[in-house]
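Engineer: A predicted structure for the sequence below; I have some questions about it.
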Amino acid sequence: MADLDTGNLIYLIVLLLMVGGWFFMQSREGLNKTLQYAAVWMMIFIGGAAAVGLWQDISRDARTPQFSVAGSDQIIVPRARDGHYYLTADVNGANLRFVVDTGASDMVLTQKDAKRAGINPESLAYLGRANTANGEVRTAFVRLDQVQLGGIIDTDVAAVVNEGQMEQSLLGMGYLQRWGRIEITGGELILTR
């Protein structure tokens, strides 16, 4: 496979040099104009390639459902392109996006998500500590009135709010242990009650 790719690359480079050489020889008098045209065509080509690549990424994400409900007691979450599993849960009436993190002990909310769920992060007592990849952070214990995922509703759910900077809320084992079975197979995370 590598030989085929190398051969194709060499062929394309030789073809480009031949076409470029012919183009250069045909318009030696207007070299400045030729370079301008070449730059314009190169920008058009790069822009087209970028547009095609972005469109493929956007359309792939649009086609992939975030999760599906299989029966009344099963949630199926497809793996995202980055290898993680993401889902949106209704927390105290607010839709919050989580990354599923089996390495996290608790359900961890960012300060922004805590606000959206009706919790005032400034009024919390950050007495807990958590070791993260970015070092130790302080956390505050909270109880969530309701967490709904698909048709499953849990009440009085324990969680923590992270005092530090965090891009994404985490759906850790504190919540996942409420499910009877957690399975990863065929690029899907399957949660079953």
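Structural biologist: The structure has been received and is ready for your questions.

Engineer: heading toward the C-terminus, what's the first helix or strand past the helix or strand of the chain with the lowest mean pLDDT?
Structural biologist: None of the helices or strands of the chain scores lower by mean pLDDT, DSSP states H and E than strand 68-69, at a mean of 66. Using DSSP states H and E, the helix or strand that follows strand 68-69 in sequence is strand 74-78.

Engineer: who does that following strand pair up with?
Structural biologist: Here strand 74-78 is paired, per DSSP bridges, with strand 68-69 (antiparallel), strand 188-192 (antiparallel).

Engineer: right, so those strands: which one is the most enclosed?
Structural biologist: Across the strands paired with strand 74-78, averaging neighbours per residue (mean count of other CB atoms under 10 Å) puts strand 188-192 on top, at a mean of 18. For glycine as for every other residue, the C-beta is placed from the backbone atoms N, C-alpha and C.

Engineer: what's stretch 126-146 in contact with?
Structural biologist: 90-93, 105-109, 114, 117, 119, 121, 124-125, 153-164 (CB atoms under 8 Å, 6 or more residues apart in numbering).

Engineer: And the helices in this protein?
Structural biologist: With DSSP state H as the criterion, the chain has helices at 2-26, 31-63, 111-116, 173-176.

Engineer: could I get those as a markdown table with distance to residue 186 and mean neighbour count?
Structural biologist: Putting the helices of the chain into a markdown table (distance: least, CB to CB, whole Å; neighbours: other CB atoms under 10 Å) gives the following:
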| stretch | distance to residue 186 | mean neighbour count |
| --- | --- | --- |
| helix 2-26 | 29 | 10 |
| helix 31-63 | 17 | 10 |
| helix 111-116 | 30 | 19 |
| helix 173-176 | 19 | 18 |
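
Engineer: so which of those helices gets nearest residue 73?
Structural biologist: Ranking the helices of the chain by proximity to residue 73 (CB to CB) places helix 173-176 first, at 14.7 Å.

Engineer: Which other helices and strands does that closest one contact?
Structural biologist: Using 3 or more CB pairs under 8 Å, 6 or more residues apart in numbering; DSSP states H and E as the contact test, the elements touching helix 173-176 are strand 152-162.

Engineer: for the strand it packs on, packing partners?
Structural biologist: The elements that strand 152-162 packs onto, with contact taken as 3+ CB pairs under 8 Å, 6+ apart, are strand 108-109, helix 111-116, strand 128-132, strand 135-149, helix 173-176.
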